[in-house]
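In: Structure for this input, please:
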Amino acid sequence: MITVLKSAGVKPKTVPTTGQDATAQGMAWILQGYQCGSVYKAVYKEAQDAAAMAVILLAGQTPPASLLNSTTTDPANSSITEPASLITPEWVTAANMESTVVKDGFDKASAICAIAGASTCSAAGIK
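Out: Residues are numbered from 1 along each chain as shown. This next block holds a predicted model:
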C-alpha cells in the first residue's frame, strides 16, 4: 500500500498506515513518515516460550499456570478453547525502534538505514 501511495505522490504523514512483523522496510517507512508503527514480538521470547512448552509437553507434564497466560479458541469450533501462552506484542515507532528491533538484532540498523537514508536514521537516533 505504501508503495502505491508513494508512486501516486502522496506525502509522508498524510495517510495513516501500520505494519506487522517489523521488517527493515517497515522500519524505514516509519522513519520516513509513511508508516505510523509496526507490531513486533521479539523472536527470542517466542522461541524461549515454545521451547519451554515443548520440553514440558514432551515430558508428559502439564504446563504450569504461570506459563499459560490466556486461552485460544478453535477457529472451526468456537465452543472449543484451549489454554495458551501468548507473547505480548510491542508497538514500534521511531521513538523506540533503537531499543526494540535494533537492540534485539531483529533488524540491523545498517539494513534500515540503507533504505531510509543515513540522515533520516541519524535524526531518529538509529545507530
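In: residue nearest the centroid of the protein?
Out: Taking CA atoms, centre = their mean as the criterion, residue 40 is the residue nearest the geometric centre of the chain, at 1.4 Å.
In: Tell me which helix or strand the nearest residue to it once chain neighbours are set aside sits in.
Out: Of all residues not flanking residue 40 in the chain, residue 22 sits nearest, at 3.9 Å (CB to CB, 6 or more residues apart in numbering). To be clear about C-beta, it is placed using only N, CA and C from the backbone, and glycine gets the same treatment. Residue 22 is part of no helix or strand when elements are defined by DSSP states H and E.
In: quick one, longest helix in the chain?
Out: helix 43-58 (DSSP state H).
In: Look up how far residue 34 lies from residue 42.
Out: Distance, residue 42 to residue 34, using CB to CB, to the nearest Å: 24 Å.
In: neighbour count winner among these two?
Out: A direct count of neighbours by other CB atoms under 10 Å for residue 42 and residue 34 places residue 34 higher, at 23 against 18.
In: Correct me if wrong: that one contacts residue 2.
Out: Yes. Residue 34 is in contact with residue 2 according to CB atoms under 8 Å; the separation is 4.9 Å.
In: Quick check: neighbours shared by those two?
Out: By CB atoms under 8 Å, 6 or more residues apart in numbering, residue 34 and residue 2 have these common neighbours: residue 17.
In: I'd like the average pLDDT over the helix or strand harbouring residue 29.
Out: Under the criterion of DSSP H and E, residue 29 resides in helix 24-32. Mean pLDDT, helix 24-32: 96.
In: For it, name the packing helices and strands.
Out: Identification of packing neighbours for helix 24-32 by 3 or more CB pairs under 8 Å, 6 or more residues apart in numbering; DSSP states H and E yields strand 18-20, strand 37-40, helix 109-116, helix 118-124.
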